[in-house]
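Asks: Predicted model, plus sequence, below.
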Amino acid sequence: MAAHPGSRPDPTHLMRLSTAFWESQVFLTANRIGLFALLADGPRPVGEIAGGLGTHPRPTELLLKACVALELLTLEGGQYGNAPAADAFLVPGKPGFMGSAFRYSDNLYDTWGQLESALRENRPPLATEAYLGGDQGMTRDFVYAMHERAIGAGRALVGLVDLGGRQRLLDIGGGPGTYAALFAQAHPALSATVIDLPGIARHAADIVAGMGVGERVELLPGDFKQTPFPDGRDVVLISGVFHRESEASCRELIARAYRCLQPGGLMIVSDVFTDRSGTGPLLATLFGLNMMLTAPDGGIHADAAVADWMAEAGFGDVTCRSFPPPMPHRLVQGVKPA
């Protein structure tokens with residue numbers, strides 16, 4: 001916010017930024033140690049909570065009070081319970097559970113602490129291979145984090161894109177297969193093929209089967225940069241991929257998608273994109289840094305730039321749309337001329 005002429009600068013914003021990680025660590029630690037799962041059956045006093053978590057009562061009480069202040073917990077009659085948002089999204093087994101998604105953010109905490117070295121060395125401090133199959137625990141956290149995040153965004157995407165009458169979808173770099181499965185649920189005549197790395201596909205198979213469309217969503221293990229794309233498709237979806245890729249790589253994926261599409265086929269690209277200036281929205285700019293820290297070519301692109309690349313590749317009727325708030329995603333789509 002710009003200061004009024006003649007007014008003194010206010011350091012409050014800077015102070016807030018300098019301690020923002022305090023709140024993150026309270027939340028991420030509480031999620032990691034199983035606090036919200038422990039309180040799933042109702043409120044408990046400090047002693048019971050510490051006993052259940054295997055922690056000491058005094059520091060546990062400090063954590064619990066901070067969680068109340070952050071509106072993660074409630075406190076009534078000396079007993080702490082889950083606040084509504086925690087109960088809905090942080091308790092395993094609940095339909096809206098997002099604990100794995102937040103565990104993935106937790107896994108990146110030390111990585112963000114190496115931001116300076118990434119700037120000086122121009123390489124991500126976190127090896128991509130670790131969460132793409134190398135470390136099974138981290139890979140599982142990554143896949144289920146992507147699934148939990150994709151459920152809400154995917155349902156919004158299904159509502160934004162008309163696939164009526166289309167039959168064969170190719171999902172490039174489809175991760176957990178969530179988007180393909182949601183489209184298959186919405187369109188009974190649609191079948192889909194999802195290309196992603198073998199370490200990812202192993203976990204995706206369970207997710208797709210659990211969504212009840214395993215017979216219509218095929219998982220094709222492979223590297224989408226090398227694995228040939230099946231032809232004869234009338235829809236190609238690339239979601240959450242471009243933020244890991246350079247402009248040249250994005251353009252190549254668009255060209256290959258164009259070639260595998262039938263005339264009249266639809267291409268859909270969804271991701272977290274910036275505006276054309278690249279300086280907003282704030283979450284998108286921070287997400288670009290997050291990707292820089294975790295992938296060799298990670299960063300952020302503008303949806304307007306992606307639209308230009310698609311038009312230059314031959315797509316017509318190219319349009320850009322934003323997902324419903326508060327989701328930060330944007331959609332770019334185009335049609336291969338008949």
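Replies: Good, I have the coordinates.
Asks: ok, and Thr285, which helix or strand is that part of?
Replies: Thr285 is part of helix 282-294, with elements assigned from DSSP states H and E.
Asks: whoops, Phe21 was the one
Replies: Counting by DSSP H and E, Phe21 is part of helix 20-32.
Asks: Buried residues of that helix, list them for me.
Replies: By 16 or more other C-beta atoms under 10 Å, the buried positions in helix 20-32 come out as Val26, Phe27, Leu28, Ala30, Asn31. For the C-beta atoms, the positions are set from N, CA and C on the backbone; glycine is no exception.
Asks: what's the domain layout of this structure?
Replies: As given by automatic domain parsing, the domain ranges for the chain are 20-93, 115-335.
Asks: quick one: average pLDDT of the shortest one?
Replies: Meaning domain 20-93. The average pLDDT within domain 20-93 is 98.
Asks: Can you give the distance from the helix holding Phe21 to the centre of its chain?
Replies: In terms of C-alpha atoms, centre = their mean, to the nearest Å, the centre of helix 20-32 is set 19 Å apart from its chain centre.
Asks: Also stretch 201-219?
Replies: The mean C-alpha position of stretch 201-219 is separated from the chain mean by 19 Å, C-alpha atoms, centre = their mean.
Asks: buried ones in that stretch?
Replies: With burial defined by 16+ other C-beta under 10 Å, the residues of stretch 201-219 counted as buried are 201-205, 207-208, 211, 213-214, 216-219.
Asks: element containing Thr60?
Replies: Assessed by DSSP H and E, Thr60 sits inside helix 57-69.
Asks: Buried residues of that helix, list them for me.
Replies: For helix 57-69, a neighbour-count test (16+ other C-beta under 10 Å) marks Thr60, Glu61, Leu63, Leu64, Ala66, Cys67 as buried.
Asks: Count the neighbours of the residue nearest to Asp303 when sequence neighbours are not counted for me.
Replies: Leaving aside its sequence neighbours, Asp303 sits nearest to Phe273 (C-beta to C-beta, 6 or more residues apart in numbering; 3.8 Å). Neighbour count of Phe273, defined by other C-beta atoms under 10 Å: 29.
Asks: what's the answer for Phe242, then?
Replies: Neighbour count for Phe242, taken as other C-beta under 10 Å: 28.
Asks: Now do the contacts for it.
Replies: Phe242 is in contact with Cys250, Leu253, Val269, Asp271, Phe273, His301, Val306, counting by C-beta atoms under 8 Å, 6 or more residues apart in numbering.
Asks: Can I take it that the third one is in a helix?
Replies: No. Membership of Val269 in a helix is not supported by DSSP: H, G, I helix; E, B strand; the rest coil, which gives strand.
Asks: Roughly how far does it sit from Asp171?
Replies: Distance of Val269 to Asp171, computed by C-beta to C-beta, to the nearest Å: 12 Å.
Asks: Mutual contacts of these two, please.
Replies: Counting by C-beta under 8 Å, 6+ apart, the contacts common to Val269 and Asp171 are Ile238, Ser239.
Asks: Can you give the contact residues for stretch 290-299?
Replies: Residues outside stretch 290-299 that contact it (C-beta under 8 Å, 6+ apart): 108, 111-112, 114-115, 118, 123-126, 128, 131, 243-246, 249, 288, 300.
Asks: tell me how far the ends of that stretch are from each other?
Replies: End-to-end span of stretch 290-299 (C-alpha to C-alpha, to the nearest Å): 8 Å.
Asks: any idea how far it is from the chain center?
Replies: Relative to the mean C-alpha coordinate of its chain, stretch 290-299 is positioned 14 Å out (C-alpha atoms, centre = their mean).
Asks: cool, and stretch 71-89?
Replies: Stretch 71-89 has its C-alpha centroid displaced from the chain centroid by 26 Å (C-alpha atoms, centre = their mean).
Asks: what's in contact with stretch 322-338?
Replies: Contacts of stretch 322-338 (C-beta under 8 Å, 6+ apart): 152-153, 156-157, 160-161, 258, 261-273, 281, 283-284, 287, 303, 306-307, 310-311, 314-321.
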